[in-house]
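[1] No sequence on hand, only this structure:
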């Protein structure tokens, strides 16, 4: 039993919280919260990914969800802090399954609470003490070995048996979600247009290395081994994903392109037409998940005069190797992550590179970010008992609405620490910013998925003039030999690479399903913060990601490795519940 003073305060609050929920006494429960409170729920109460902001929103949610949820069994697991400002971790149960949560008290009342569904009762993953035996001992003339059973499963699923889930996209997001569903016993096929799992990484430019550290990037069930490098090279990542698909026994159809999908609302089934290794195949899944990348199709900017240009024009997603550009003049349009990485790769190959920067970029040195921003994802954290699953829960406890304040404070420290670096970068003519509200890289990533760069070498090349820079001047048009700008200057070019980002993932729905469905669902990603390129209204969570959408049986999954790892659990639980016929009353508001 916990004996500390924080534990006593946390236990008392949790007991009152539990009593109010049991009695359905919402008014009494609201007295346990501060006025400016937040309740973030991941599937446990709302069967949604949703944050309630303020007492009125909490009250509305509880009025709608308490009866079907029937929360019980609240038990404090740990507590820390000091009198009046305490953090408590707790377990609980709902009608559907087992949950875990975290609350934070300020002045004895709750400021934030996170509730998460961790498993479904009677449908838990077979792990640890409940793992399968793997063999039935004794002689059996009809024995089927593991490899034989696996071959039967692969031959039957999609032919004699239809998958319940079809995941479009076999990159990191689709693979992680597929692994979660496999462990939950949900028949799933992942389809991928590339030839092998991992090719979505292998096919990128040759110098690509993950900018996030290894402790942040683990996949579910099989973490990277202790000898794994801090920053993973793209081909090594591709090999790991290929291995992962085999070891996790995923039904993975490579060399498969989705041609068309349509939903039959009466039958509650999708009809999906595919080309598998050039042969037409039709599947009838109940649930369709788009995992086609963090965002969507490549975004091209309009370049007047493109037909007059004598050189090559391509998007950075199609760029793989700078060797063919050695000795040539190459212009990279775009100054975010891919723009910087492609520019460095071209420079290393001996090209004459100029970056065209159309708007300011947030830049953070990798060394600084590692030291100041990844404290819970580090070797020190692991040594202190914070594994990746606990780190993910810690990160999830802060609602998006409260993150700007913390991020602003972080970037005040970063700017002070690297003041000389930023002075030199701006002196080169580079347009630098830290977001409209000075909240830096992470908030840009959540709001728009663009406009930032973790510096792993390009900035010093820009400062030194090794990578040329044309910043803040609009492009007028292309000429046969290069680019003319609005200020009358011209930049000669043999090739132009557009590092101009990607469209929303719902544009893939427009291509595969239809425009009407895509427009009904609306854009993916972003919070609706009101910042440039982040359309409103405010959602409080990433729009359309990992949760039910306006189109029945259509879902989106994606993001970086960390987001894909964490949210794949909650999306898989939603899909498993539907597969098992468990009631899933989704709590929605007008947003």
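    Received the coordinates, thanks. Bear in mind that the values here come from a model prediction, so they are computed numbers and not experimental data. Residues are numbered from 1 along each chain as shown.

[2] Which parts of the stretch 301-450 of the chain are helices?
    When assigned using DSSP state H, counting those that start in this stretch, the helices of the stretch 301-450 of the chain occupy the ranges 337-348, 366-373, 379-383, 388-396, 403-417, 419-427, 440-447.

[3] which one of those lies closest to residue 355?
    Using CB to CB as the measure, helix 337-348 is the one of the helices of the stretch 301-450 of the chain that comes nearest residue 355, at 5.3 Å. C-beta: built from backbone N, CA, C; applies to glycine.

[4] Can you list the helices and strands that the closest one packs against?
    Using 3 or more CB pairs under 8 Å, 6 or more residues apart in numbering; DSSP states H and E as the contact criterion, the neighbours of helix 337-348 among helices and strands are strand 329-333, strand 352-357, strand 452-455, helix 458-463.

[5] could you dump those to CSV with distance to residue 185 and mean pLDDT?
    Compiled in CSV, these are given as follows (distance: least, CB to CB, whole Å; pLDDT from 0 to 100):
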stretch, distance to residue 185, mean pLDDT
strand 329-333, 47, 98
strand 352-357, 50, 98
strand 452-455, 39, 96
helix 458-463, 46, 97
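
[6] Residue 431: which of those is closest?
    Evaluated over those, closeness to residue 431 peaks at strand 352-357, with 5.6 Å, by CB to CB.

[7] Contact partners for residue 366?
    Counting by CB atoms under 8 Å, 6 or more residues apart in numbering, residue 366 makes contact with 211, 454, 455, 456.

[8] where are the low-confidence patches of the stretch 151-300 of the chain?
    Counting by pLDDT under 70, the stretch 151-300 of the chain has low-confidence residues at 294-295.

[9] Can you point out the buried residues in stretch 315-328?
    Of all the residues in stretch 315-328, those buried under the rule 16 or more other CB atoms under 10 Å are 315, 316, 317, 319, 322, 325, 328.

[10] That stretch: how far from the chain's middle?
    Offset of stretch 315-328 from its chain centre (CA atoms, centre = their mean, to the nearest Å): 28 Å.

[11] what about it, start to end distance?
    The separation between the terminal residues of stretch 315-328, taken as CA to CA, to the nearest Å, is 18 Å.

[12] In a helix, residue 243, correct?
    Yes. Secondary structure assignment (DSSP: H, G, I helix; E, B strand; the rest coil) places residue 243 inside a helix.

[13] so where is this protein shaky, pLDDT-wise?
    1-3, 294-295, 590-591.

[14] rerun at 80
    Where the chain drops to pLDDT under 80, the residues are 1-4, 135, 293-296, 590-591.

[15] what residues are up against the closest residue to residue 353 other than its chain neighbours?
    Leaving aside its sequence neighbours, residue 353 sits nearest to residue 346 (CB to CB, 6 or more residues apart in numbering; 4.6 Å). Taking CB under 8 Å, 6+ apart, we find residue 346 in contact with 322, 325, 330, 332, 353.

[16] Ok, residue 15 next?
    With contacts defined as CB under 8 Å, 6+ apart, the neighbours of residue 15 are residue 74.

[17] Any chance you could list what contacts stretch 129-145?
    Residues from elsewhere that reach stretch 129-145, judged by CB under 8 Å, 6+ apart: 124, 126, 146, 152.

[18] Which one (most neighbours) among the residues you listed?
    Counting neighbours by other CB atoms under 10 Å, the top entry in the contacts of stretch 129-145 is residue 124, with 14 neighbours.

[19] Next one: that residue from residue 571, what distance?
    When CB to CB, to the nearest Å is applied, the distance between residue 124 and residue 571 equals 17 Å.

[20] same deal with residue 351?
    According to CB to CB, residue 351 and residue 571 sit 42 Å apart.

[21] the more surrounded of the two?
    Under the neighbour definition other CB under 10 Å, residue 351 and residue 571 were set side by side, and residue 571 has more, 26 against 23.
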